[in-house]
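S.K.: Test case, fold it:
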Amino acid sequence: MSRVRNIGIVAHIDAGKTTVSERFLFYSGRIHKIGEVHEGEATMDWMPQERQRGITITAAATSFSWRNHDIHLIDTPGHVDFTIEVERSLRVLDGAVVVFDGVSGVEPQSETVWRQADKFRVPRICFINKMDRAGADFGAAVTEIRERLGARPVPIQLPMGAEDRFAGVVDLIRLRALYFSGSEDEGPREDVIPAGMAEEVAAAREKLVEAAADADDAIANAFLEGTPIDDEVLKAAIRKATIAVKIVPVLAGAALRNKGVQPLLDAVCDYLPSPLEVPPMPGTVPGSEEPATRPPDDTAPFSALAFKVAMDEGRKVVYLRIYSGVLKPGDEVQNARTRRNEKVARLFSVHADRRERIERAGAGSIVVAMGLKDAGTGDTLSSPKAPIIFERIDIYEPVIARAIEPKTQAEKEKLDFGLAKLADEDPTFRFGEDAETGQMIIRGMGELHLDVIVDRLRVEYGVEATVGRPQVVYRETLGKPADGEARFERVVDDETLFGHARVHVAPRPRASGNELKMQIPRTVQPPGAPKLVETPPAILDAAMEGAREAMRSGPQGYPIEDIAVTITGVEYRPDASNAAGERAAVGEALRQAFREAGTRLLEPIMKVEITCPEANVGDVLGDLNARRGQIEDVGFRGQQRVITAKVPLRRMFGYATDLRSATQGRANYTMQMDSYDAWE
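M.R.: Residues are numbered from 1 along each chain as shown. As a prediction, the model looks like this:
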């Protein structure tokens, strides 16, 4: 297991993730012909929609060998609409290769994936790609990683030349120059370091040793005494600091021109952790909430996380990261969410869209299982004799909605079936009938996300559907504090339901979330009762449940957020009060308070970054102002101008077409969810 690496390739769209993955597969011998993304032939972009658009939509897994190491790799999307694919991949990976465009440096989605990796404390190495492009600047990219991502990037290579003069890299550990011809059949040629780079190399080597010294006292002493440091000792210290997420080794290359890929593969083996070097997986025992852990050991009880669900000709396949124990076809496993046991029918290792049947999978493996009908994204599967539950994967809320209907009524059933299957695969995709209009509404993370969903319905499920203009998913918040009181008394089937409650509601600061608490005396004196009576826990629990239900929707029908709710009074009558009555009373009191306070609509505000030539800045700014955007910054990135703004999502529909028209196709933009807010 010490020779296993579970890694992901993450980056902003168009930084070159899939191109790097393709070279990994070629140089390791896993494939024998390089498929290019721009030609629609990349192995890892196997979906028709990916090949048609030239982008990665779904995280694709594969495995290969390099230097006697088994590397399990996941190539992730770079588009913000598919960020859940990155999130759930990073959740189960031990390390990541973050690819940056040598010209653009740190881009918006680069920041998103970096924060996701920070959340799970995933060790990383960085690859500054496209060093052969005009405007490529290795030093500027490293500076941006430090300043914009708050990381400690430590170059272990320096590029020799840039743009059309990029010839290779200097290995700062072995102090050798590696020249690349650009031919896919030739490896790097080693030589002495060019004389003109001696000072630059010496300074970079000193910074590298300083970073290693922080992790290793022996290197620190040798550095202070000026004694030579052995290459293997230096590599071991860099590995230690990388796994502790204290530094990020940085390499350079041009993957499309086959430059710098083999050293990057070496760095994956040298610096990223094996499953044995990752802390034991923490969890809890279902039901008792006692903390428990699972060490990465085949002899430990079986445990795994289902991090992705896909459909294969209508059958559900579940991607598993096995954290401990061994899994074989026919084994019974328990789903911690449903508390039900299921039997694994078949196991596969996976290579993009191709699967190879296997009879055993041990700790540290990433495999595909069939037969798990109830498993969903984020579910923990474990041995029924030693159940455990791991932290679930965060799910992003949809921000955009469209009405959808089949072109013929006969296809209605097929549409419902296809939508259900796609929602099973993608936790950020939702669908349902609008109670008021009767329309089927689909919700997702962006226009591209929903376009792909509709395309997949047509290709995979044979449903020709018509979609309406996107609708924005709004939220509500309170306008002012208010109080509410309600009494509920009703006879149902000869049983009296009674409840009486008082509540107080108040707005909270933006993005602070909802708060629910109870401030009532535990003992009360009911009318006519001779002594104090303790309010039963069941009544108090029902009051809290009624409040939670009422908080799900505001007076205007949208989810309500950033509010504080306090239950200030519950009248308890031993002869009449019951849970159903109290739940109804609290719900009605809250709805009354909401109406009294009044609510304001909150809408999704997007953070937009536009890159354009100097000549187009005025047109772009004018258009953003017309869309009610707030301009935050206008800066430079190389020869291009970079404009950052916040704009309401409802104003951004069709922006890609408008931007291309205004700049003759010379500008591009990225957009990601920033917050919900009231926008004038």
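S.K.: what's the helix or strand for the spatially most central residue of the chain?
M.R.: With distances taken as CA atoms, centre = their mean, the residue of the chain nearest its centroid is Glu87 (2.2 Å). Per DSSP states H and E, Glu87 falls inside helix 83-92.
S.K.: circling back to that earlier point, pretty sure the residue nearest to the centre of the chain sits against Asp394.
M.R.: Yes: between Glu87 and Asp394 there is a contact under CB atoms under 8 Å: 6.4 Å. Using the backbone N, CA and C atoms, a C-beta is placed for each residue, glycine as well.
S.K.: circling back: the residue nearest to the centre of the chain: what's its closest spatial neighbour, skipping adjacent residues?
M.R.: Gln116 (5.5 Å; CB to CB, 6 or more residues apart in numbering).
S.K.: swap in Val647?
M.R.: Nearest non-adjacent residue to Val647 (CB to CB, 6+ apart): Gly629, at 3.9 Å.
S.K.: Kindly report the same for Arg360.
M.R.: Lys328 (5.4 Å).
S.K.: and the one you found, what is it in contact with?
M.R.: Lys328 makes contact with Val344, Leu347, Glu359, Arg360, Ala361, according to CB atoms under 8 Å, 6 or more residues apart in numbering.
S.K.: for the second one, which residues make a bridge with it?
M.R.: Yep, that's Leu347 we're talking about. Beta-bridge pairing of Leu347, defined through DSSP bridges, involves Ile358, Ala369.
S.K.: pLDDT score for it?
M.R.: On pLDDT, Leu347 comes in at 94.
S.K.: Kindly report the same for Arg53.
M.R.: The score at Arg53 is 64. That number is its pLDDT.
S.K.: How about Met44?
M.R.: Confidence score, pLDDT, at Met44: 67.
S.K.: what does Thr143 give?
M.R.: 95.
S.K.: tally of neighbours for it?
M.R.: The number of residues packed near Thr143 is 14, by other CB atoms under 10 Å.
S.K.: buried stuff in the host helix or strand of it?
M.R.: Assessed by DSSP H and E, Thr143 sits inside helix 138-149. The neighbour-count check on helix 138-149 (16 or more other CB atoms under 10 Å) flags Phe138, Ala140, Ala141, Val142, Glu144, Ile145, Leu149 as buried.
S.K.: Among those residues, find me the one that's closest to Leu208.
M.R.: Within the buried residues of helix 138-149, distances to Leu208 taken as CB to CB reach their minimum at Val142, with 12.3 Å.
S.K.: who touches the nearest residue to that closest one once chain neighbours are set aside in this structure?
M.R.: Nearest residue to Val142 in three dimensions, chain neighbours excluded: Pro153, at 5.0 Å (CB to CB, 6+ apart). When contacts are counted by CB under 8 Å, 6+ apart, Pro153 touches Cys126, Val142, Ile145, Arg146, Ile247, Val248, Val250.
S.K.: low pLDDT regions in the stretch 351-500 of the chain?
M.R.: 435-437, 470 (pLDDT under 70).
S.K.: Which residue ranges of it form helices?
M.R.: With DSSP state H, counting those that start in this stretch as the criterion, the stretch 351-500 of the chain has helices at 412-425, 447-461.
S.K.: Please work out which of those helices is packed deepest.
M.R.: Highest mean neighbour count of the helices of the stretch 351-500 of the chain: helix 447-461, a mean of 19 (counted as mean count of other CB atoms under 10 Å).
S.K.: report the angle between the axes of that helix and helix 412-425?
M.R.: Interaxial angle of helix 447-461 relative to helix 412-425 (axes from the mean of the first three to the mean of the last three CA atoms, to 10 degrees): 120 degrees.
S.K.: now what about helix 447-461, what contacts it?
M.R.: Contacts to helix 447-461, defined as CB under 8 Å, 6+ apart, come from residues 48-49, 57, 79, 81-82, 311, 400, 402, 404, 414-415, 417-419, 421-422, 426, 428-429, 442, 444, 463-465, 467, 470, 653.
S.K.: Only whichever of the residues you listed are buried, select them in ChimeraX.
M.R.: To isolate the buried ones among these in ChimeraX, judged by 16+ other CB under 10 Å, type:
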select :49,57,79,81,82,311,400,402,404,414,415,418,419,421,422,426,428,429,442,444,463,465,470
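S.K.: Narrow the contacts of helix 447-461 to those in strands?
M.R.: The members of the contacts of helix 447-461 that map onto strands under DSSP state E are Met311, Ile400, Arg402, Ile404, Ile442, Gly444, Ala465, Val467.
S.K.: which SS class is Val170?
M.R.: strand (DSSP: H, G, I helix; E, B strand; the rest coil).
S.K.: Could you do the one 4 residues further on as well?
M.R.: Using three-state DSSP, the structure places Arg174 in coil.
S.K.: go on, Asn341?
M.R.: Quick answer, by three-state DSSP: Asn341 is strand.
S.K.: separation between the residue nearest to the centre of the chain and Thr112?
M.R.: 9 Å (CB to CB, to the nearest Å).
S.K.: What of Glu571?
M.R.: 50 Å.
S.K.: if we can go back for a sec, ok, the ones in strands among the contacts of helix 447-461 vs Gln639, which is closest?
M.R.: Ile400 (33.6 Å).
S.K.: Val472 is in contact with the closest one, correct?
M.R.: Yes: if you go by CB under 8 Å, Ile400 and Val472 touch, sitting 6.5 Å apart.
S.K.: For these two, list the residues in contact with both.
M.R.: Pro604, Leu649.
S.K.: Tell me the pLDDT of Ala564.
M.R.: Ala564 is given a pLDDT of 94.
S.K.: What about it, how many residues nearby?
M.R.: Neighbour tally, Ala564, other CB under 10 Å: 17.
S.K.: what packs against the helix or strand where it lies?
M.R.: Assigned by DSSP H and E, Ala564 belongs to strand 563-570. Using 3 or more CB pairs under 8 Å, 6 or more residues apart in numbering; DSSP states H and E, the elements in contact with strand 563-570 are strand 495-507, strand 515-518, helix 537-550, helix 579-597.
S.K.: Check these for me and report the most buried one.
M.R.: helix 579-597 (a mean of 23).
S.K.: which other helices and strands contact that helix?
M.R.: strand 482-492, strand 495-507, helix 537-550, strand 563-570.
S.K.: Redo those as TSV? Include distance to Thr599.
M.R.: Shown next, in TSV, are the helices and strands packed on helix 579-597 (distance: least, CB to CB, whole Å):
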stretch	distance to Thr599
strand 482-492	11
strand 495-507	9
helix 537-550	13
strand 563-570	9
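S.K.: Of the ones you listed, which is nearest Leu224?
M.R.: Using CB to CB, these put strand 563-570 closest to Leu224, at 56.5 Å.
S.K.: so what's the spatially closest residue to Ala580 that is not a sequence neighbour up against?
M.R.: Excluding the flanking residues, the one nearest Ala580 by CB to CB, 6+ apart is Leu497, at 5.2 Å. The contact partners of Leu497, by CB under 8 Å, 6+ apart, come to Phe488, Glu489, Arg490, Val491, Asn578, Ala580, Gly581, Ala584.
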